[in-house]
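1. A predicted structure for the sequence below; I have some questions about it.
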Amino acid sequence: MAEIHDQFDTILILDFGSQYSHLITRRCRELNVYAELMPCTSKLADLKFKPKGIILSGSPYSVYDDDAPHADPGIYTLGVPILGICYGLQEICWNYKGHVAKCDHREYGLAEVQISRFNELGNSVDALFEGLGDQMQVWMSHGDQLSLIPPDFHVIGRTSTAPYAAIAHNSKPFYGIQFHPEVTHSPQGRQLIGRFVLNICQCQANWTMEEFIGKEIDRIREICGEKGRVIGAVSGGVDSTVAAKLMHEAIGDRFHAIMVDNGVLRLNEAQQVNDMLNKDLGVNLTVVDASELFLSRLAGVEDPEQKRKIIGNTFINVFETEAAKIEEASEKEENGAKGKIEWLLQGTLYPDVIESISFKGPSATIKTHHNVGGLLKDMKLKLIEPLRELFKDEVRALGRLLSIPAPLVQRHPFPGPGLAIRILGPVTREQVKILQQADHIYIEEIRKANLYNQISQAMAILLPVKAVGVMGDKRTYEQVIALRAVTSEDFMTADWYAFPPEILRRISSRITNEVSGINRVTYDISSKPPATVEWL
Ligand SMILES: Nc1ncnc2c1ncn2[C@@H]1O[C@H](COP(=O)(O)OP(=O)(O)OP(=O)(O)O)[C@@H](O)[C@H]1O
Ligand SMILES: O=c1[nH]c(=O)c2[nH+]cn([C@@H]3O[C@H](COP(=O)(O)O)[C@@H](O)[C@H]3O)c2[nH]1
Ligand SMILES: NC(=O)CC[C@H](N)C(=O)O
Ligand SMILES: [Mg+2]
C-alpha cells in the first residue's frame, strides 16, 4: 500500500526529545514539503522509505552524557543532506570527533549570528545561508557548545560567544546550527529551513491538501476494496467531520457515521450535527440517544478521572451495539450486497501520533482522554485513520477543500466527555440544563461580537458552590458560572483571552438574567500551564 512518504518527497526529522521537534515538522509542511518525525533511535534498516533529507532536532541531553541518544551512523552514508539543529549540531560534531563542552554562559534567548561569506577553502558562499544577508537574529537555547570543530568541517556562522554557531562539511551537504530556526523568535528561520529543504535537498514543494485529497481517496478505496464497509464515530467536531466527509467521498454509503448523544452535549447539538451531516454534507449519519445510559452511569460521580473513564467506556459499549445492529441489518440484505463492516474510522491527528512515538515515551498522564487507550484488545474491526499524518490546521484546510462550511471548519474543539467535565460535582439533568443555557449565551455573544475566530476555545463551567446575591430586592443563594476563553496554537500551552470589558458585562448580565439557578459569573484568568484548558 502506497503511504504518503512514497508519494511525496519527504524530509525525515529525527526527534532527540526537543520540545520543538514537532515545530520543525510543521515548518517543512508550511513550505509544502512533507516531513515525518521519527524517534532518533530509529534504525535506518527499518526505514520504509528514502528521505530526501534529514534534520536532527534539539534535545534536553548533552551529547557526552552516558545515556545520551545518538542517531544511526548510517545517516551519514545515505547520500542525502543533513541539517543538525542545536543538539543536532552537537550530534554531528560528536560523530565526526569534534568536541562539545559546557559553555561558560548558557545562551537562552536572542543572539546575532555573523555569517561567514567564504570558508577557508575559498569556496563560494555556503548554500545554507545564501541570500540571507551577513547577519541574522536568531533564538538560542543551549548550555553546551562546540569547543573544537570536527576535521573536514568549516565555520559558516559565529556569535559573540559561540565561535562555531554554524558549521558545514567541506564537501558533503551536512550542516549544523546552534540556534533554533523552527521557532518564530528566529525571524529568518523559515527561510533558512526553506534553503535546506527546497534548495539543498531539492524537495518538490507539492505537499498541499489539493494533492493529498485525491491520493488519499484512492488509498481509502484500495484499502476498503469493492465491498468493504466502514463505521465511524462522529461528534460534529472538525476532525471527525472532515474524516467522515473524506470517507463519504471515497466509498459513499458504505460509510456509516454514528453520533452518540451522551446527555452532556451542548444545547441542540445532536440535532444540529444531524442536519449538518445528513443534509449539508450528504453523509449517512445516525444519532443514537444514549443519554439515559450515560447519565445513569455518571450519577453521583464527582471524580474527574472517573467521569472520563465512565464516558470513554460507555462510548465503546454504545458503539459496539450500533455496529452489531448495522451488521444484522445488512445480513438481511440480498446476497450480503454491501459486505461486512470491517473497518472503524478514527479521526486521529498527527500530534496524537507524535506523542505516542516520542522516544522518551509518552508524557505523564494529566487527564485520560476519552478516546485514547479505550480500544478493546480483541477488537475485530480494523482501524482506518485518514488524518493520522495531519496537523489540525491541515485538517481545517482539507475541510475547506471538501466544501465543509466555514463555520464548521473554524469550530472550537469540544471534548468527547462534554459538559460532564465542565460540571464540577455530580452530573444531573438539571445541572446539564443550566450549563447548556449559560454556554449557549456565552458562545452566542462571542459570535455576535465577531470574536469567535480570534479565540481558540471558549467554555462555561458550572461551579459546585453557592453564593449570595440580591434579585428584585430578594435574597438569592445560587450557583456560580465561570467563563473561560483561551488562545492557543496547539493546546499544549494556552493564554487566557482578554475580552473587551463591555462584552463580559453583557454576557454576565444575560447569564444571570436568563439562566435560573445562577446569580454570579466569574472570568478565569489562568494560563496553561499551570492551569489546563478544561477545569477537569
Ligand atoms: N458525541 C460523540 N459521538 C460520537 N463520537 C464522538 C462523540 N464525541 C467524540 N467522539 C469521537 O471521539 C473523537 C475525538 O473527539 P475530539 O473532540 O478529539 O475530536 P472531534 O470532536 O472530531 O474534533 P474537535 O477536536 O474539533 O472537537 C471524535 O473524532 C469522535 O470520533
Ligand atoms: O476529545 C477530547 N476528549 C477528552 O477527553 C478531552 N479532554 C480535554 N480535551 C481537549 O483537549 C484540549 C486541551 O485540554 P486540557 O488543557 O484541559 O488538557 C482542549 O481543547 C480540551 O477541550 C479533550 N478532548
Ligand atoms: N536545545 C538543545 O538542543 C540543547 C542541546 C544541549 N542539551 C545543550 O544544552 O546545549
Ligand atoms: Mg470534539
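-> Thanks, I have the structure now. Numbering: from 1, shown residues only. Ligands and ions are numbered 1, 2, ... in the order given.
2. Quick check: residues of this structure near ligand 2?
-> Selection of the chain residues close to ligand 2 by CB under 6 Å from any ligand atom yields 308, 367, 369-371, 413, 415-417, 457, 491, 528, 532-534. Any C-beta I mention is one placed from the backbone N, CA and C, and that applies to glycine too.
3. 5 Å - rerun?
-> For the chain, the residues in contact with ligand 2 (CB under 5 Å from any ligand atom) are 369-370, 413, 415-417, 491, 532-534.
4. Closest one of these to ligand 3?
-> Comparing the residues of the chain next to ligand 2 against ligand 3 with CB to the nearest ligand atom places F491 closest, at 22.8 Å.
5. I'd like to know how many residues surround that closest one.
-> 15 (other CB atoms under 10 Å).
6. any idea which element L383 lies in?
-> For L383, the element it lies in under DSSP states H and E is strand 382-384.
7. Quick check: closest non-adjacent residue to F153.
-> I167 (4.8 Å; CB to CB, 6 or more residues apart in numbering).
8. meant to ask about R195, not that
-> Counting by CB to CB, 6+ apart, the residue nearest R195 is L128, at 5.5 Å.
9. Repeat that for V521.
-> V521 sits nearest to S508 (CB to CB, 6+ apart), 4.1 Å away.
10. what's the distance between the one you found and ligand 3?
-> From S508 across to ligand 3, the span is 44 Å (CB to the nearest ligand atom, to the nearest Å).
11. Now that residue. Its backbone dihedrals?
-> phi -60, psi -40 (degrees, to the nearest 10).
12. Can you get me a residue count around it?
-> 20.
13. what do you get for N513?
-> N513 has 11 neighbouring residues, counting by other CB under 10 Å.
14. What of P187?
-> There are 13 residues near P187, going by other CB under 10 Å.
15. any idea how far it is from V113?
-> Using CB to CB, to the nearest Å, P187 is found at 12 Å from V113.
16. Find residues that contact each of those two.
-> Q137 (CB atoms under 8 Å, 6 or more residues apart in numbering).
17. what about the stretch 351-500 of the chain, any weak spots by pLDDT?
-> For the stretch 351-500 of the chain, applying pLDDT under 70 flags the ranges 357-365, 370-379.
18. Grab the CA positions of stretch 44-60 and hand them over as CSV.
-> Below are the C-alpha coordinates for stretch 44-60, written out as CSV (Å, rounded to 0.1, in the frame of the first residue of the first chain):
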residue,chain,number,x,y,z
LEU,A,44,17.8,3.0,9.1
ALA,A,45,17.3,-0.7,8.2
ASP,A,46,13.7,-0.4,9.4
LEU,A,47,13.0,2.8,7.5
LYS,A,48,10.4,2.1,4.8
PHE,A,49,11.3,5.0,2.6
LYS,A,50,14.2,7.0,1.4
PRO,A,51,14.1,10.6,2.7
LYS,A,52,15.3,13.5,0.6
GLY,A,53,17.0,15.0,3.6
ILE,A,54,17.4,14.5,7.3
ILE,A,55,17.0,17.1,10.1
LEU,A,56,18.3,16.3,13.6
SER,A,57,16.3,18.0,16.3
GLY,A,58,17.4,19.6,19.6
SER,A,59,17.4,17.7,22.9
PRO,A,60,17.5,18.1,26.6
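19. Quick one: distance of that stretch to the chain centre.
-> Centroid separation for stretch 44-60 versus its chain: 21 Å, with CA atoms, centre = their mean, to the nearest Å.
20. how about the lengthiest helix in the chain against ligand 1, any contact?
-> In the chain, taking DSSP state H as the definition, the longest helix is helix 304-331. No. Judged by CB under 5 Å from any ligand atom, helix 304-331 stays clear of ligand 1, getting no closer than 6.5 Å.
21. quick one: average pLDDT of the helix or strand following that helix?
-> Using DSSP H and E, the helix or strand that follows helix 304-331 in sequence is strand 341-345. Per-region confidence: strand 341-345 scores 89 on mean pLDDT.
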